[in-house]
Structure formats: structure tokens, C-alpha cells
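Trainee: Using only what follows, build the 3D model:
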Amino acid sequence: MVSFLRVWLSWGWRCFGKMGQALDRSAVFGVGLMVGAAALGAIDSVLVRALAGAVHPFVMGFTRALFGLLVVLPFIIARPDMLRSNYRFRHALRAALKLASLLAFFVAFTTAPLADVTAIAFTSPIFVTFGAWIFLGERPRRLRIIAVLLGFIGVLIVLSPGRQAGISSGLAFALLGALLTALIQLILKPMSGRDSTETLVAWNLIAMVPIAALPAALV
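Mentor: Sure, this is the predicted structure:
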């Protein structure tokens, strides 16, 4: 449930972020939604850490997707037209990458300090910035480049030598999760121009459940 609310708040931030260019009030509301999503993400991380050792990461991923789909299912039944999309393959690819990123973060949260993993997770915007520049032709402004460089310096500090091997392994999984999250955002950017928020959320969960069920069944 926490994960589902986090997804909806994140997507609400995207929608109101676009409106915020014309309406300051909408922009403020969008920032509030993103703060809420970040807070729920922190709760999600703590819950994953608490379940470490008791529940396998594959089972966590499947359970998360399944309960998210159950919450969205009434809306899909009421509005089946939200499933209309021209990006069926991309939805499946995005769901697979999303599951992989979740599993990477689950492993990271159970093997490394939460503060360090969270810091590494914030490298995702760095990857998105460079990816959008290379693949989408979105040249970043000077201020954003400075912010990216500062963020990269912060990553180097977190990944500084002298740490225990177990922690380094956990941070490596966190870095992988951040990279996959950035890749998902780059895939999602052109899709969001034609598919609605509801369509993107619904198809992500629909595709993720069977994909997550396969590894979970082997545990």
C-alpha cells in the first residue's frame, strides 16, 4: 500500500509539474506531492529493512506488485479504456526493469546502511540528466550541470574507500538500482506524451505481476 501511494504521488507530481509552468499554485502542490512520495519511500525502505532475512526479495517484489494491482483493479474495471495503449512492449520492458531495480534496492537496504543507500538512490537524476542529453537531445542548463557535478562528488564521498566489503556490495546494488531507475525514466519520457498517468500506472502493475511471479515461485 505504501508503495502504491508512493507511485501515485510521484505521478501526481509529474502531472502538476507540467501545470506548474503556468500556475504557481499547481507547482507548489506538485512539490508537496513529491515530498509526500519521498516520505512514503522512506517508510517503504524501513519496512524492507525490517523484513530482511524473514522474506526473500523476490517475494517482496511480487507481493508489492500484486497488492498494488489489487488496489488499482477497481479503477481498471470502472474505466477499461485506460488500458488502451500503443506501447505494450515498452510497458513489459519497463515492468521488468522496475522489478530489477526494486530487487536491487531491496538487497541494498538489507545489506547496507539506509542513509548510504538513500544517498546513492539520489544519483538517479544524475543518470537521467546525462541520458536525456545523449539520447533525447535535452541539453541541460548550466545550473543543472553544476548540481549534477555536486551530486557526483557526494556519491564519491559515500563510496569512499575503507568501507567493509558487505557494505560496498550493498552500495553497488543501490547504484545498480539507481541506474535502472534512470533508464526507466528515459523510456517513460516519450510514452507519457501519448499514454495517460492512469494507463502508465495500470500497465506497469499488470505487467509486473506475472514477471515477478516467476522468480518468486522458485524461492
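Trainee: Centre of the chain to the helix or strand hosting Arg64, how far?
Mentor: Here Arg64 sits within helix 57-78, counting by DSSP states H and E. Chain-centre distance of helix 57-78: 16 Å, with CA atoms, centre = their mean, to the nearest Å.
Trainee: That helix - contacts with which helices or strands?
Mentor: In terms of contacts (3 or more CB pairs under 8 Å, 6 or more residues apart in numbering; DSSP states H and E), helix 57-78 is packed against helix 2-19, helix 88-111, helix 197-217. Any C-beta I mention is one placed from the backbone N, CA and C, and that applies to glycine too.
Trainee: for the record, mean pLDDT for the first one?
Mentor: The average pLDDT for helix 2-19 rounds to 48.
Trainee: Over to the second one?
Mentor: Per-residue pLDDT values over helix 88-111 give a mean of 92.
Trainee: The helix or strand hosting Ala39 to helix 57-78, inter-axis angle?
Mentor: Taking DSSP H and E as the definition, Ala39 sits inside helix 24-50. Relative orientation of helix 24-50 versus helix 57-78 (axes from the mean of the first three to the mean of the last three CA atoms, to 10 degrees): 140 degrees.
Trainee: element containing the residue nearest the centre of the chain, please.
Mentor: Closest to where the C-alpha atoms of the chain average out (CA atoms, centre = their mean) is Thr181, at 5.2 Å. Element membership for Thr181, per DSSP H and E: helix 165-191.
Trainee: just how off-centre is that helix within its chain?
Mentor: The gap between where helix 165-191 is centred and where its chain is centred comes out at 9 Å by CA atoms, centre = their mean.
Trainee: Could you pull out the buried residues of that helix?
Mentor: 170-185, 187-188, 191 (16 or more other CB atoms under 10 Å).
Trainee: Please apply the same query to stretch 135-155.
Mentor: By neighbour count with 16+ other CB under 10 Å, stretch 135-155 contains the buried residues Val148, Gly151, Val155.
Trainee: Give me the pLDDT for the last one.
Mentor: Reported pLDDT at Val155 in the predicted model: 75.
Trainee: Please apply the same query to the first one.
Mentor: For Val148, the pLDDT comes out at 81.
Trainee: report the angle between the axes of the helix or strand containing it and helix 165-191?
Mentor: Element membership for Val148, per DSSP H and E: helix 142-158. Using the same axes, to 10 degrees, one finds that helix 142-158 and helix 165-191 are set 160 degrees apart in direction.
Trainee: and helix 142-158, what does it pack onto?
Mentor: Using 3+ CB pairs under 8 Å, 6+ apart: helix 142-158 touches helix 114-121, helix 124-135.
Trainee: just checking, what packs against the longest one?
Mentor: The criterion is 3+ CB pairs under 8 Å, 6+ apart, and the helices and strands that helix 124-135 contacts are helix 142-158, helix 165-191.
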